[in-house]
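>>> sequence first, predicted model second:
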Amino acid sequence: MVVSLSMGWRHLLFANWPVDPDRLEPHLPDRLSVDTHDGRAWLSVVPFTNVDVRPQRLPGGTGLPLPELNLRTYVTYDGNPGVYFFSLDADGLAAVLGARLFHHLPYYHADIDIEVAEDGTVAFSSRRRHRGARSVRFDARYEPTGSRYHADPGSLAHFLTERYRYYTEAPDGSIRYADVSHESWPLYDAEVSIRENTLFAANGFDTPNSEPVHLYSPGVDTVASGSKLARRLRG
C-alpha cells in the first residue's frame, strides 16, 4: 500500500562533515553511488522535529509530532540524486515501526527532547532506546545567525539541502525510493555546540576530523510519497 504523508519539518540543523568518498562507498548498497561536491562526499547529522505528521488525505491539524535525528549522506541512482539514511532516531514507537515496515527506513526508537528558546536557540538531546540496537547519544545547542537566504544552484548549501528523493534498501535487497516535495529551504548560517555525538561510531564510522559546515532552517511543509521500487528512474 502506497500512502503519501504530509508533515512539517521544523528547527533543523544540518551539521555536515566532508569525508573521502572511499570511506562511504563500502557502507552503501551496491546500486547506489556516492554523490560528491568538488570531489568531497559528506556525512550529515540532522536533528529536527516533525509536526502534524499524517496521511496526505487527512486535514491539517490532525497529525502527530515526531522529533527526529538522522545520519545521512548524498547518493545517486541511475543518475538521479537523493539522500541515503544510515540511521534515523525518532520519539514515537508506532511511527518507528510503521516507517520500518512500510518505508524500509532504518528507524530506531529514542527519547528526544527539543526546546526552542525565545531568542531562537534550540536545545536538542536524544537517547536511543531501541531494543537490541547500538546505543546512540546526541546533545547539541544551535541557533541561526546572520540573514536568511536561499541556496544558489551549484553551491554547497544547495547540494546539502535541496534533495527531493531518498533511497532505501528493502530486506530483499531491492532499492526503493520516495519523492518529497516542498518549497526551497529558507536557510541561515548557524552557531552550534555539539556536546555529545555517538552517531558516527554507532554506524561504523570514525568521527571525521574535518571541519563541519553548519546550516539552520526554520523549516518547510512537506509531502512525501509512499515507497516505490527503483528500476530505471528518469528523474
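Cool, got the structure.
>>> so where do the strands sit in the protein?
5-19, 33-34, 41-55, 64-77, 80-90, 107-116, 122-128, 137-149, 165-169, 175-181, 187-197, 213-224, 228-229 (DSSP state E).
>>> for residue 196, which non-adjacent residue is spatially closest?
Nearest residue to residue 196 in three dimensions, chain neighbours excluded: residue 139, at 4.2 Å (C-beta to C-beta, 6 or more residues apart in numbering). C-beta coordinates here come from the backbone N, C-alpha and C atoms, glycine included.
>>> measure the one you found to residue 187 for me?
The gap separating residue 139 from residue 187 is 24 Å, by C-beta to C-beta, to the nearest Å.
>>> which one of those two is surrounded by more residues?
residue 187 (24 against 16; other C-beta atoms under 10 Å).
>>> give me every residue that touches the spatially most central residue of the chain.
Compute the mean C-alpha point of the chain, and by C-alpha atoms, centre = their mean the closest residue is residue 70, 4.8 Å away. Residues in contact with residue 70 (C-beta atoms under 8 Å, 6 or more residues apart in numbering) are 45, 46, 85, 86, 87, 88, 89.
>>> ok, longest helix in this protein?
When the chain is parsed with DSSP state H, its longest helix is helix 93-103.
>>> any idea of the mean pLDDT for it?
In this model, helix 93-103 carries a mean pLDDT of 80.
>>> repeat that for stretch 4-23.
According to the model, stretch 4-23 has a mean pLDDT of 96.
>>> about what we covered before: and the strands of the chain, which one averages the lowest pLDDT?
For the strands of the chain, mean pLDDT drops lowest on strand 228-229, to a mean of 92.
>>> can you give me how far that one is from the chain middle?
Put simply, strand 228-229 sits 19 Å off its chain's centre (C-alpha atoms, centre = their mean, to the nearest Å).
>>> which residues sit against it?
Residues outside strand 228-229 that contact it (C-beta under 8 Å, 6+ apart): 2, 174, 175, 176, 177, 178.
>>> what is the last one paired to in the beta sheet?
This points to residue 178. Counting by DSSP bridges, residue 178 forms beta bridges with residue 166.
>>> I'd guessed it sits against residue 223; true?
No: the pair residue 178 / residue 223 is not scored as a contact, 10.2 Å apart, by C-beta atoms under 8 Å.
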